[in-house]
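In: I would like to see how this sequence folds:
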Amino acid sequence: MEIGLVGYCCSGKTTIFSAITGIVNPKTAIAEVSVPDARIDTLSAIYEPKKTVYATVRVTDFPGFTSSQRSKGISGEMLQKLKDLDAFCLVVDGFSGQRDPLEDIAAFNQDMIINDLLLVEQRIVAKNKANQRDGELRILEKVHAALSADKPASSVTLSAQEDKLVSQYRFLSRKPVLVIVNQAEGKEANGAEGDLFYLCGTMEKEIAELDPKDQKEFLHDLGLKEPASHRFIRRAYQVLNYISFFTIGRDEVRAWPISQGLTARQAASKIHSDLERGFIRAEVIDYNAFMRYKSETAVKRAGKMRLEGKDYIVLDGDILHVRFNI
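Out: Next comes the predicted model:
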């Protein structure tokens, strides 16, 4: 899962990057951020495995958009990199008083729509020239109608099959967007408010620079329970509609991030492609059920372990053991 940190120049985007990744003086624009999960901590304490692996989110700090890009749209190498992302985290200036955050949000959304509109129009023209009046063209025409009305591609309701067809285009305006308003110190807003997520980048960066023991005391004084990295990741999970399932054992306790709604077979592919190819069924234990009995053997004895087929929809907190044969 990769989130692109984007924003217009002078929005304090790189300061936010330091705050949410803990990399104070970044020499690289890419960081892997662990997803905090008390359930993994608990499972690891029970199994004492050789390795504990948290789910991670890759955060990439993109160069700030210039005023020229703001008026002409995004193109070239950056456009291709943006298409590869799972989601955007848009940082807007809420500290200088010289910019209206809502205007920057609207400008970004407009840029995404314009780029998608150009792509759709090119594809529709090509299909009409080739006389390809197929289902894909009809879907593209639906998306075109929305984009022409200044609505994002995400506003178009598509079936699972239609969504699979258009996924090849990697529409920018179909990607989830998490908006961070970079606040000035002393502002009261902190945390989520509607579709916006408020952080004071400079203060949170200072906290990230502290020793972990000192961080707790500093956060407590500010009335915060956890650092920006934890709050950001939790919010990103919500925006991306992600969940975690677990695999457990003496060798490894691990969390796997997946999109909500994936089947057991699709989830198995996240572990290894062989598991998806040779999928037979999955042994499933609900995390809460596991915590009542504290071991797989006791769960099975109590009849709380389920055998599920390939179409089972994996739920947040499911503990999976995949049976397969190749």
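In: OK, contacts around the closest residue to residue 311 other than its chain neighbours?
Out: On the basis of C-beta to C-beta, 6 or more residues apart in numbering, the spatially nearest residue to residue 311 that is not a chain neighbour turns out to be residue 263, at 5.3 Å. C-beta here means a position set from N, CA and C on the backbone, and glycine is covered the same way. The contact partners of residue 263, taken as C-beta atoms under 8 Å, 6 or more residues apart in numbering, are 310-314.
In: dump these to a markdown table, plus pLDDT, secondary structure and neighbour count.
Out: Listed next are those as a markdown table, based on pLDDT from 0 to 100; DSSP: H, G, I helix; E, B strand; the rest coil; neighbours: other C-beta atoms under 10 Å:
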| residue | pLDDT | secondary structure | neighbour count |
| --- | --- | --- | --- |
| 310 | 95 | coil | 14 |
| 311 | 96 | coil | 9 |
| 312 | 97 | coil | 19 |
| 313 | 97 | strand | 13 |
| 314 | 97 | coil | 26 |
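In: nearest to residue 45 among those?
Out: Closest approach to residue 45 among the contacts of residue 263 (C-beta to C-beta): residue 314, at 23.9 Å.
In: chain neighbours aside, what residue packs nearest to the closest one?
Out: Spatially, and ignoring its direct neighbours in sequence, residue 314 is nearest to residue 267 (4.6 Å; C-beta to C-beta, 6+ apart).
In: give the contact list for that neighbour.
Out: Contacts for residue 267 (C-beta under 8 Å, 6+ apart) come out as 245, 256, 258, 282, 314, 320.
In: again, 6 Å this time
Out: Neighbouring residues of residue 267 by C-beta atoms under 6 Å, 6 or more residues apart in numbering: 245, 258, 314.
In: got it, and residue 56?
Out: 32, 34.
In: which phi and psi does it have?
Out: Comment: the main-chain dihedrals of residue 56 come out as phi -130, psi 160, following degrees, to the nearest 10.
In: buried stuff in the longest helix anywhere in the chain?
Out: If you go by DSSP state H, the chain has its longest helix at helix 101-129. Of the residues in helix 101-129, those buried under the neighbour-count criterion (16 or more other C-beta atoms under 10 Å) are 101, 104-105, 107-109, 111-117, 119-120, 123, 127.
In: ditto for stretch 247-267
Out: Buried, per 16+ other C-beta under 10 Å, within stretch 247-267: 247-248, 253-258, 262-267.
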